[in-house]
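Engineer: Give me coordinates for this.
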Amino acid sequence: MAFSISIGGSASDSRADRRNRNSRHGGRSGSRSGKPKAQKSSLLLVLSIAGGLILASSSLGYLVWQDMNALKPDEHACYPQSDQAQTVMFVDSSNPRADTQQARDIWTFVSDHYFRRAEANERIRLYNTEVDQIGSIPDAVVETCVPASTNSELEALGAPSVNPAYLATQKQRIFDQEIAPALTTITDPAPANPQAFESPILEQLQGLSRLPEFQNGEGRKSLIVVSDLIQSTLEIRACREPGHLPRFENFKGGEHWARVRPASLAGVDVTILMLIRPEYGPHCSGEDELIRWWESYFEEAGAQSVQITRLRFDVSGGR
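Structural biologist: Reported below is the predicted structural model:
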């Protein structure tokens, strides 16, 4: 009988134990089924972040590559261009210098050319005959290129677009930093170290005519000469010595012409800003004689056009 009671209690306990075990097993089973979901969400988050980083890195890399391959100007703010316009300006700095009125005219002409007439990316070189600059081989005191004024001009050059406000600022900055200081020097009526004697116009023009800018390239070519047009060297003292400035037809047949003859100026537009003087010396009849002589000179050199602008002197003496 005791045996019978003992068996009944064991069966009940066994069923309860099984229920408890099943409950515990079910809890563990639920925990196991939740872990893969959490791990999957974490993996998706990691992959999303990694994908974003890869995309950002790729975009940054492309921008860096694009910037590295973008067309950039050189140290003179010039872009490579086969048909680049070229302007060479030669200023005769010998005494007598430009007076106050003539200096204003020079400033007006140059600034107007730079800001209004020059093409985008036009290369400008300025030469003079100051004591520390004069030489058998011309050496530019200024070399720069006129910046583009619009993004369409940059696009035509193959350069990337920039903020339009930057373009206007850049153009003014280059003028102020590169061209204006040189103009201030060459129009100074009383320089510290004046060029008192030499005015080798023929020799300087010969050197300038040989520049690659005039002999090569497909763009517009311009030569600007600022001078009183009175040659003054040991060999030729025009207007000061008799026979030193014969008619050009006679001069080009002489031996000196062979030494100073320029290279071809075919395709070059010549502009002369003639510094008018109160007097020219005992052996010149006046400015018209000089103008005819130099017109013949540039025509002989093959210039495409010759335009002469007379810069009158200040009759008031600067008052």
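Engineer: now residue 72, what's its secondary structure?
Structural biologist: coil (DSSP: H, G, I helix; E, B strand; the rest coil).
Engineer: buried set for the helix or strand that residue 166 is a member of?
Structural biologist: Under the criterion of DSSP states H and E, residue 166 resides in helix 164-174. The neighbour-count check on helix 164-174 (16 or more other C-beta atoms under 10 Å) flags 167, 171, 174 as buried. From N, CA and C alone the C-beta is placed, and that goes for glycine too.
Engineer: How about stretch 296-306?
Structural biologist: Within stretch 296-306, the residues scored as buried using 16+ other C-beta under 10 Å are 296-298, 300-301, 303, 306.
Engineer: Tell me which of these fall in strands.
Structural biologist: residue 306 (DSSP state E).
Engineer: With respect to residue 78, which of the buried residues of stretch 296-306 is nearest?
Structural biologist: Sorting the buried residues of stretch 296-306 by how near they are to residue 78, with C-beta to C-beta, puts residue 303 at the top with 24.7 Å.
Engineer: can you pull the contacts of the closest one?
Structural biologist: Shown in contact with residue 303 (C-beta atoms under 8 Å, 6 or more residues apart in numbering): 223, 265-266, 268-270.
Engineer: For beta bridges, what are the partners of it?
Structural biologist: Applying DSSP bridges to residue 303 yields these beta-bridge partners: residue 266.
Engineer: For the helix holding residue 166, name the packing helices and strands.
Structural biologist: helix 151-157 (3 or more C-beta pairs under 8 Å, 6 or more residues apart in numbering; DSSP states H and E).
Engineer: roughly how far is the helix it packs on from the heart of the chain?
Structural biologist: Distance of helix 151-157 from its chain centroid, counting by C-alpha atoms, centre = their mean, to the nearest Å, is 14 Å.
Engineer: measure residue 192 to residue 131 for me?
Structural biologist: Residue 192 sits 10 Å away from residue 131, taking C-beta to C-beta, to the nearest Å as the criterion.
Engineer: if you count what's nearby, which of the two comes out ahead?
Structural biologist: residue 131 (14 against 6; other C-beta atoms under 10 Å).
Engineer: Just to check, that one is in contact with residue 185?
Structural biologist: No. Using C-beta atoms under 8 Å, residue 131 is not in contact with residue 185; the gap is 11.5 Å.
Engineer: Which neighbours do those two have in common?
Structural biologist: In contact with both residue 131 and residue 185: no residue, using C-beta under 8 Å, 6+ apart.
Engineer: So what's the residue count around residue 101?
Structural biologist: Residue 101, neighbours per other C-beta under 10 Å, totals 15.
Engineer: How confident was the prediction at residue 283?
Structural biologist: Listed pLDDT for residue 283 reads 92.
Engineer: pretty sure it is in a strand, no?
Structural biologist: No. Read with three-state DSSP, residue 283 is coil and lies in no strand.
Engineer: give me the number of residues near it?
Structural biologist: Based on other C-beta under 10 Å, the number of other residues close to residue 283 is 15.
Engineer: roughly how far apart are it and residue 257?
Structural biologist: Residue 283 sits 19 Å away from residue 257, going by C-beta to C-beta.
Engineer: same thing with residue 133?
Structural biologist: As defined by C-beta to C-beta, residue 133 lies at a distance of 26 Å from residue 257.
Engineer: I figured residue 127 was touching residue 133, is that so?
Structural biologist: Yes. Applying C-beta under 8 Å, one finds residue 127 in contact with residue 133, separated by 7.4 Å.
Engineer: can you pull out the strands in this protein?
Structural biologist: For the chain, applying DSSP E gives strands covering 86-91, 123-128, 142-145, 221-227, 268-275, 305-311.
Engineer: Which one of these lies nearest to residue 207?
Structural biologist: strand 123-128 (8.6 Å).
Engineer: Partner strands of that closest one and their direction?
Structural biologist: Strand pairing (DSSP bridges) places strand 123-128 next to strand 86-91 (parallel), strand 142-145 (antiparallel).
Engineer: And the contacts of the last one?
Structural biologist: Read it as strand 142-145. 73, 76-79, 121-126, 174, 178-179, 182.
Engineer: rerun at 6 Å
Structural biologist: Strand 142-145 is contacted by residues 76-78, 121, 123-126, 174, 178, 182 when judged by C-beta atoms under 6 Å, 6 or more residues apart in numbering.
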